[in-house]
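Trainee: With the sequence up front, the predicted model follows.
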Amino acid sequence: MKKNWWKILSLLLLIYTVIAGFLVAVPDLPIIHQSIRNLYFHVCMWFGMMILFIISFVYSIKYLRGFNLRNDIYAQHFAAVGTFFGILGYITGSIWANYTWLTDQSQSLGTVLKEPKLIGAAIALLIYGAYFVLRGSFTDMDKKARVSAVYNIFAFAMLFPSIWIIPRLVGSLHPGAPGSDSGNPALNAQKDLDAGMRMIFYPAVIGWTLLGVWIATLKIRLQLIKDKTLLNE
Amino acid sequence: MMTKRIFTLVSKDVLLEFRQKHTFYGILLYIASTIFVLYLSIDKPDANVWNGLFWTIQLFICVNAVAKSFLQESRGRMLYFYSVASPVEFIVAKIVYNLVLMILMSLISLLMFSVFLDNPVDNAFRFTGIVVLGGAGISIVFTLMSAIAAKAQQNAALIAILGFPVILPQLLLLMRLSKSAFAEVFREGMVLQMAGLIAGLDVLVIAMAVILFPYLWKD
């Protein structure tokens, strides 16, 4: 039970997020109106995705340092759950965009999809898609683990500029584009976010991320049982 | 000593290219026929379309030109290299060779593009510089992708799957930067900033290749 406190915390934070997220008053802004509540879900998905990818990246490095197959399994499943969060981020984002960006009937989806942040997210999903294709093309376990760890590390390093640097250079529909008066693209919470919303947003990020880690650890435990004989333990 | 060995490895690749001319001419023919098809299908595209087509073609040329760099090496030959050179020397030699090859191919395709498809470029000198920068960046990334795909004993298709998402940020920057040569006005310092960013990415890719290749190398 002592080890499981963070799972309970995740659950409590998510219950708080859902209840407070839908009930607590939010500032009424033009166009966005009540859809601003999606912040507690949509933005948290991207936070969760990035944190899970970073964990996967760290485990890939750990694998290359000691060639312990256990670390490869960790890297694989954290990447898988991260990709799942990315897809959820896309879904919540498209619902949000439907009510805010697509207000004008002449606006097509094609123009909206050219968003630098959507492109960055698409690159992330494509990279991890390629990572799983690469994994699938091996039959030798050790070789698979080594080569895919190399690709994971390299791809993560390439993902970094597309998510953290390019959005700072070009205009965007998201808040925080260069030239607009809304802080920076990393969502400058000190300046941009209402104090009441901050009280829900931060716990929501932690809650969703913990949930992602929880899902990943369940998958990892299952895989470790399946590969018990291979791991020699 | 290290530079000498790298030089030997590069000259070995050049020598091979001269002995087996068919691969070199194969790529040239690939460029020529692709651009000829474009010429027949569209005449006088506007600057935006021209730009998009140009960089997409560069991508495919690179996949074809660089793909063979690791796939052509047989298992036995790799074992031989393993005994005479270090992995860092080997990957640096491959990168240097592919870099030169790709820049050459990029310049040739730029020439063919301007002959067949008109040339909307305003500032030819700057655009040539961007093409060299872009060709270099694309070739470095695909060299490492080729090394990974060779380990998976797969064909060129895997290189494209692995490489395209990774090259996208660089390609987007290049396409945007190219517009500065099409008389589009940029914020002051923006052109240098983006060129610096692309060059910085290239340095990052080379560093990653040097760090990661030793893990791919031993079997």
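Mentor: Received it, and whenever you're ready, just let me know what you need.

Trainee: quick one, longest helix in chain B?
Mentor: Across chain B, the longest stretch assigned as helix under DSSP state H is helix B:87-116.

Trainee: so what does that helix touch, helix or strand wise?
Mentor: helix B:2-19, helix B:21-41, helix B:47-71, helix B:124-151, helix B:190-217 (3 or more CB pairs under 8 Å, 6 or more residues apart in numbering or on different chains; DSSP states H and E). Quick note: C-beta positions are derived from backbone N, CA and C, even for glycine.

Trainee: Figure out how far the fourth one is from the centre of its chain.
Mentor: Computed by CA atoms, centre = their mean, to the nearest Å, the separation of helix B:124-151 from the middle of its chain amounts to 3 Å.

Trainee: and if you look at the shortest one?
Mentor: In terms of CA atoms, centre = their mean, the gap separating the centre of helix B:2-19 from the centre of its chain is 18 Å.

Trainee: Can you give the contact residues for it?
Mentor: B:23-24, B:69, B:81, B:84-86, B:88-90, B:92-94, B:96-97, B:101 (CB atoms under 8 Å, 6 or more residues apart in numbering or on different chains).

Trainee: looking at chain B, which helix or strand is least sure?
Mentor: One helix or strand of chain B scores below all others by mean pLDDT, DSSP states H and E: helix B:75-84, with a mean of 81.

Trainee: tilt between that helix and helix B:2-19?
Mentor: Angle, helix B:75-84 to helix B:2-19, by axes from the mean of the first three to the mean of the last three CA atoms, to 10 degrees: 160 degrees.

Trainee: How about residues contacting helix B:75-84?
Mentor: Counting by CB under 8 Å, 6+ apart, residues outside helix B:75-84 touching it are B:5, B:9, B:73, B:90, B:217-218.

Trainee: Alpha carbons of it, in PDB - could you do that?
Mentor: C-alpha atoms of helix B:75-84 as PDB (Å, rounded to 0.1, in the frame of the first residue of the first chain):
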ATOM      1  CA  ARG B  75      28.400  -8.700 -44.000                       C
ATOM      2  CA  GLY B  76      31.900  -9.800 -44.800                       C
ATOM      3  CA  ARG B  77      33.100  -6.400 -45.800                       C
ATOM      4  CA  MET B  78      31.500  -4.800 -42.700                       C
ATOM      5  CA  LEU B  79      33.500  -7.300 -40.600                       C
ATOM      6  CA  TYR B  80      36.700  -6.300 -42.400                       C
ATOM      7  CA  PHE B  81      36.000  -2.600 -41.700                       C
ATOM      8  CA  TYR B  82      35.300  -3.500 -38.100                       C
ATOM      9  CA  SER B  83      38.800  -4.900 -37.800                       C
ATOM     10  CA  VAL B  84      40.600  -1.900 -39.500                       C
END
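
Trainee: Buried ones in that helix, by neighbour count?
Mentor: Of the residues in helix B:75-84, those buried under the neighbour-count criterion (16 or more other CB atoms under 10 Å in any protein chain shown) are B:F81.

Trainee: Same check on stretch B:7-18?
Mentor: The neighbour-count check on stretch B:7-18 (16+ other CB under 10 Å) flags B:9-10, B:13 as buried.

Trainee: residue closest to the middle of the chain?
Mentor: In the absence of a named chain, chain A is used. A:M49 (1.6 Å; CA atoms, centre = their mean).

Trainee: wait, I meant chain B there
Mentor: B:S139 (2.5 Å).

Trainee: isn't that one right up against B:N64?
Mentor: No - if you go by CB atoms under 8 Å, B:S139 and B:N64 don't touch, sitting 11.7 Å apart.

Trainee: ok so, going back, and the contacts of helix B:75-84, which is closest to chain A?
Mentor: B:K218 (8.9 Å; CB to the nearest CB).

Trainee: Enumerate every residue touching that closest one.
Mentor: B:82, B:87.

Trainee: Nearest spatial neighbour of A:A25, chain-adjacent residues omitted?
Mentor: Excluding the flanking residues, the one nearest A:A25 by CB to CB, 6 or more residues apart in numbering or on different chains is A:G196, at 6.9 Å.

Trainee: Tell me who's in contact with that neighbour.
Mentor: A:24-26.

Trainee: Can you list the buried residues in the helix or strand hosting it?
Mentor: Element membership of A:G196, judged by DSSP states H and E, is helix A:195-226. By 16+ other CB under 10 Å, the buried positions in helix A:195-226 come out as A:197, A:200-201, A:203-216, A:219-220, A:223-224.

Trainee: near chain B too, which of those?
Mentor: Of the residues in those, proximity to chain B by CB under 8 Å from any CB of the partner chain holds for none.

Trainee: where does chain B come near chain A, residue by residue?
Mentor: Going by CB under 8 Å from any CB, the residues of chain B near chain A are B:141, B:144, B:148, B:151-152, B:154, B:158, B:161-162, B:164-166, B:168-169, B:172-173, B:176, B:190, B:193-194, B:197, B:201, B:204-205, B:208, B:212, B:215-216, B:219.

Trainee: 7 Å instead?
Mentor: Contact residues, chain B versus chain A (CB under 7 Å from any CB of the partner chain): B:144, B:148, B:151-152, B:154, B:158, B:161-162, B:165-166, B:168-169, B:172, B:197, B:201, B:204, B:208, B:212, B:215-216.

Trainee: So in chain A, where's the weakest helix or strand by average pLDDT?
Mentor: helix A:189-192 (a mean of 54).

Trainee: Residue 35: neighbour count?
Mentor: I went with chain A, as the question did not name one. With neighbours defined by other CB atoms under 10 Å in any protein chain shown, the count for A:S35 comes to 17.

Trainee: wrong chain, I was asking about chain B
Mentor: For B:I35, the neighbour count with other CB under 10 Å is 22.

Trainee: Check whether it really touches B:L110, as I assumed.
Mentor: No - with contact defined as CB atoms under 7 Å, B:I35 does not count as touching B:L110 (10.3 Å).

Trainee: Apart from its neighbours in sequence, what residue is nearest A:L12?
Mentor: The shortest distance from A:L12 to any non-neighbouring residue, by CB to CB, 6+ apart, is to A:G207 (7.9 Å).

Trainee: Need the per-residue pLDDT for that neighbour.
Mentor: Here, the pLDDT recorded for A:G207 equals 92.

Trainee: so what's it up against?
Mentor: A:10, A:13-14, A:17 (CB atoms under 7 Å, 6 or more residues apart in numbering or on different chains).
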